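J.: quick one: sequence and predicted model below, then my questions.
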Amino acid sequence: MGSAPIFDMTAISKRYGGVRALERADLAVAPGRIHAILGENGAGKSTLIKVMSGVVAPDEGKMKLDGREVAFASPAAANRAGIVCIFQELSLVPDLSVAENIAISSPPTRFGLIDRRRQRQIAEQALARAGAEDIHPSALIKDLPLSRRQMVEIAKALARQPRILILDEATSALTAADVAKVFVVLKRLRAEGLALLYISHRMHEIAELADECSVFRNGRKVATYEAGTKTDNEVVELMIGREYIHAFPPKPTAPATTRLPTLEARGLSWTDRLRGVSLSVQAGEIVGLGGLDGQGQRELLLALFGVLRGCSGEIRIDGAPAQISSPTEAKSRRIGMALIPEDRKTEGLMLPMTVRENLTFASLDRISRRGFIDRNIENALIDDMIALLAIKTNGPDIAVGSLSGGNQQKVVIAKWLMNQPRIILLNDPTRGIDVGTKQEIYALLRKLADEGAAILFYSTDYDELIGCCDRVLVLYDGAVKRELIGADITEKALIAAALNIETEEAHMSTAAVT
Amino acid sequence: MSEWWFWLSRQRGTLLAITIFVVMFTIYCANHPAGFSVNVVQTASNKGVLLAFVAMAQSLVVITSGIDLSVGMIFTLTNCLASAIVIGSPSRTGLGVLAVLAVGALCGAINGLIVIFGRLQPIVATIATGAVYFGLALALRPTPGGSVNETLADALTGRLFDVIPASLVMLVAVVLLVWIPFSRSVTGRAAYAVGSSETAAYMSGVPMRRAKFMAYTLSGLLAGIGGLFLTFFTYTGDAAYASGNTYTLFSIAAVVLGGVSLFGGSGSAIGAIFGALAFRTIGDLLFVFDFDPLWQPLFQGVVLLLAVSLGALGLLRVKNRLEWFG
């Protein structure tokens, strides 16, 4: 091992409500080294970093900097201690210029006013240090593309003269040329004696950069090892492993393959988030979307649902080309599509309104006559849905916000089922709900498929993809990288495909597809 | 892309407001029987600066992505107060002026504290405090009346060197003494940052509370300066409910016309001033073209709609429809 750690975390725990995000995790960071953090979605990496950089306070545990115990009340406090984090969600102010953003934490002043010339110099130096001289210091952040913003973010972090620099997926939006530049910068910083913490899902980046790796799983650190001492296969093994197994309904033995697909997409592209996605879903089939968070799954569902403008490519419904230019069109009887959104609190429900009102929002045209809502039809339908999904509520007239998370999610699903959709898109529908409700939702999905619905199901939980889906498409960087069918859908194959690396098993499954 | 291009694109809202005003004012002068004369300019200036001060006050709060529905009432309250204490010997008058300004700033500071520490939405907090301030104004002046040091009043509403309207000079002075230092200070920068993205501002360790507090306090001060000038013009104090509310609403219109984004984070008080002047000129235009003054609200509405539509052109470029609602 190298020199003694400058930062040491021991037995850090953090809970969000009932969910354990970190469970007695520890980590030591040494100067002059790049330490990579690995783990699946929800393994606790983000929480760990948030604790380190003062965004959230840990429930338990100790942090030591230079051997002295520290606690950070805010990101600013962590910055003062020399810990700077480059976050995945950018921390740049969109309406301010590049130079103003770089100098934002402590702008240079003269006579109490901001010294713009000095600020400009600081910005130019920082940009040069980050290898981003092409960015004009006077440009507004909101006018820059995402990849340039990320470079500004890196420059901003460097301008604060950190001792520990944390990069959380900081290269996710960068072009290959930028990544190469950033790597040169990072290696130089390492030589200068900084401690770097590098979080990335890109295994080849970690292989190139890291001196030391730590693997997280279920909020715990499961291993720390010198880079290069483990194979990709062993790393994936370390990342796998869940304590619980859901009960999934049995899959049909022989999925139908001869009919026209109910939903088909050909070469779907949108800005740089979707790159030529083609897929087809047949009636009676549950097709999973896998991959790491943010590889274009959400955009794909939005594109199918008519939310995104300027999509290229073709969408076919029952084999015929269809133009879907708004959710209203998508849900029309002709197309019969439904999207169960990811964030039920903002995109799925109007929390202060009643269960009744929420249930019938998407299907008002079915229960109204000449513009007036027919209370009898409405009540009958609502009773049906509450019974079908076993929603636990004190009647349909209480605010939906007072239900439990699982029951709220049932309301979102029920709301769309009222339209009797033929195509159901789901965006991670079981995130943050209890196991019992999850199982009910799995059973419901299979029931709907058996009744003839075509289901496209994005999940960040690999168990769900394995247990529920007939086929899984794994997305990486806006494109379908691999298709897994039936027994080939294993956790190992899913993770390997999600990381875009090759393992023996994955080899076999791609061979089976092609 | 050169430096001035960036400057230009950033000041677009302000420059648009200046252009709108210059065009309108040119048309006005060209059709006025007296033309571009000292008298015409002085009258326009005196009519315009009141709304200009209140619009400046509003813009400071709007930049932090708040809104201040009490500016009109602070304006009314300080008017009533000034009609009682800005009188007598020069020293007494001077103290009176300072007291009026202090009360204005205090009203703003109270708004700020409620918004920051009470965590109330600015719109609700300032409706409530606005009502309180109006109540105080009414207690002070149940009926219109009072008086003001007329020498001072005439000096500040007259002309300097017989050419330049003194009210305009005062407006420029306030810009130089209040707005310019604020906008170039760390606090001012923080106000923009908070208005543009509160999360990013927090993550960057920006002094958010100080920024909001200063924005609200200075807003109160500026509204107070407006109230003081109202007293200089009218020589009386009048707790008029309708007038206070009109100033509040017009200040929001002027701010929008002046290119300050209601979402916060962009625009300037200079823009708001020109927005206010342009808004006032609408009435003058109707006058020179011999329209019935009853048409004034309609035309003000149309001009406002056109200006806001120009500002919304950017929405046509949005690719993800969900961003329309963000």
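T.: Cool, the structure landed.

J.: for the nearest residue to B:F213 once chain neighbours are set aside, what are its contacts?
T.: With C-beta to C-beta, 6 or more residues apart in numbering or on different chains as the criterion, B:F213 has its nearest non-adjacent residue at 4.4 Å, and that residue is B:G112. For every residue, glycine as well, the C-beta is placed using N, CA and C. Contacts for B:G112 (C-beta atoms under 8 Å, 6 or more residues apart in numbering or on different chains) come out as B:212-217.

J.: repeat that for A:E342.
T.: A:298, A:427-428, A:431.

J.: again with A:N427
T.: By C-beta under 8 Å, 6+ apart, the neighbours of A:N427 are A:297-298, A:301, A:339-342, A:458.

J.: quick check, A:I413 in contact with A:I340.
T.: Yes: in this structure, A:I413 is within contact of A:I340 by C-beta atoms under 8 Å, at 5.7 Å.

J.: what touches both of these two?
T.: Joint contacts of A:I413 and A:I340 (C-beta under 8 Å, 6+ apart) are A:P429.

J.: do I have it right that A:L349 meets A:I413?
T.: No: checked against C-beta under 8 Å, the pair A:L349 and A:I413 is beyond contact range at 11.2 Å.

J.: which residues of the stretch 1-150 of chain B fall in helices?
T.: Secondary structure of the stretch 1-150 of chain B by DSSP state H, counting those that start in this stretch: the helices cover B:3-10, B:12-31, B:38-63, B:71-85, B:90-117, B:122-140, B:150-157.

J.: repeat for the stretch 201-350 of chain A
T.: A:203-209, A:232-239, A:297-304, A:327-330.

J.: pull out the buried positions in the second one.
T.: This points to helix A:232-239. By neighbour count on 16 or more other C-beta atoms under 10 Å in any protein chain shown, the buried set for helix A:232-239 is A:235-239.

J.: want to throw those into a markdown table with distance to B:L310 and pLDDT?
T.: A markdown table is the format used below for the buried residues of helix A:232-239 (distance: C-beta to C-beta, whole Å; pLDDT from 0 to 100):
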| residue | distance to B:L310 | pLDDT |
| --- | --- | --- |
| A:V235 | 55 | 78 |
| A:V236 | 55 | 75 |
| A:E237 | 60 | 76 |
| A:L238 | 57 | 79 |
| A:M239 | 53 | 76 |
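
J.: need these in CSV (columns: distance to chain B).
T.: Below are the buried residues of helix A:232-239 laid out as CSV (distance: C-beta to the nearest C-beta, whole Å):
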residue, distance to chain B
A:V235, 31
A:V236, 33
A:E237, 36
A:L238, 31
A:M239, 28
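
J.: quick check, nearest of those to A:P261?
T.: Ranked by distance to A:P261 (C-beta to C-beta), the buried residues of helix A:232-239 are led by A:V236 at 32.2 Å.

J.: tell me how many other residues surround the nearest residue to A:G228 once chain neighbours are set aside.
T.: Excluding its sequence neighbours, the residue lying closest to A:G228 (C-beta to C-beta, 6+ apart) is A:A207, at 7.7 Å. As a burial measure, A:A207 scores 14 neighbours (other C-beta atoms under 10 Å in any protein chain shown).

J.: centre of the chain to stretch A:59-71, how far?
T.: Average the C-alpha atoms of stretch A:59-71, do the same for its chain, and the two points are 30 Å apart (C-alpha atoms, centre = their mean, to the nearest Å).

J.: which residues are contacting it?
T.: With C-beta under 8 Å, 6+ apart, stretch A:59-71 has contacts from A:6-15, A:24-25, A:51-52, A:57, A:72, A:81-83.
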